[in-house]
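**Q** Here is my input, please return the structure:
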Amino acid sequence: MQPSLPLVNVAQYFLRLQRSKEDPLKRICVIDDDPVYRRMVKLFCSTLYEVVCISHEELDLSVLRLAAVDLILLDLCLPGTSGEEICSQLKMDPLLKNIPIIFVSGRSKTQDNLAIGPNGAKGFISKPFRKDDFLEKIESYLNT
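**A** Take a look at the predicted model:
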């Protein structure tokens, strides 16, 4: 297991990502405690989107505001907190509230579908997934 970057490094990374209007790729932020999953999403999406992967411990809303992401993939089951709690925090922030959030989880789809809506999440992707299905869902969420 690879160690997470210290918060300072993640903040510096996000600050470098400040967006200009000329940026051609849409930007996805993956918030997940599993480094293997984060790497897999980056691998799947890297030719189509700019992917920023962070663990929930590295999440800093002030830095996330600067990154100007177009979509957030948020794990529902995180140690010490839940994706629902993080989603609620993001939706209360005036600069982040309009970013679509998609819950991602290995738990039962029926159980997790209950989390969509009340907290402002736009959808749900169940783990494990096939690359083609995953990319199709990402594209549909980015275009709605």
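**Q** what sits against the residue lying closest to residue 127 once chain neighbours are set aside?
**A** Of all residues not flanking residue 127 in the chain, residue 106 sits nearest, at 4.1 Å (CB to CB, 6 or more residues apart in numbering). Bear in mind the C-beta positions are built from the backbone N, C-alpha and C, glycine included. Counting by CB atoms under 8 Å, 6 or more residues apart in numbering, residue 106 touches 77, 126, 127, 128.
**Q** With residue 26 instead?
**A** So residue 26 contacts 49, 50, 70, 71, 142 (CB under 8 Å, 6+ apart).
**Q** Show me the strands in this protein, by range?
**A** Along the chain, counting by DSSP state E, strands occupy 27-31, 50-54, 71-75, 77-78, 81-82, 101-105, 123-126.
**Q** Which strands border the fifth one, and is each parallel or antiparallel?
**A** The reference is to strand 81-82. strand 77-78 (antiparallel) (DSSP bridges).
**Q** Run the chain-centre distance for the strand it pairs with.
**A** 13 Å (CA atoms, centre = their mean, to the nearest Å).
**Q** Is residue 125 in contact with residue 102, as I believe?
**A** Yes - look at residue 125 against residue 102 with CB atoms under 8 Å: they come within range, at 5.9 Å.
**Q** quick one: which of the two has more around it?
**A** Of the pair residue 125 and residue 102, residue 102 is the one with more neighbours under other CB atoms under 10 Å, namely 20 against 17.
**Q** can you pull the pLDDT of that one?
**A** We have a pLDDT of 92 for residue 102.
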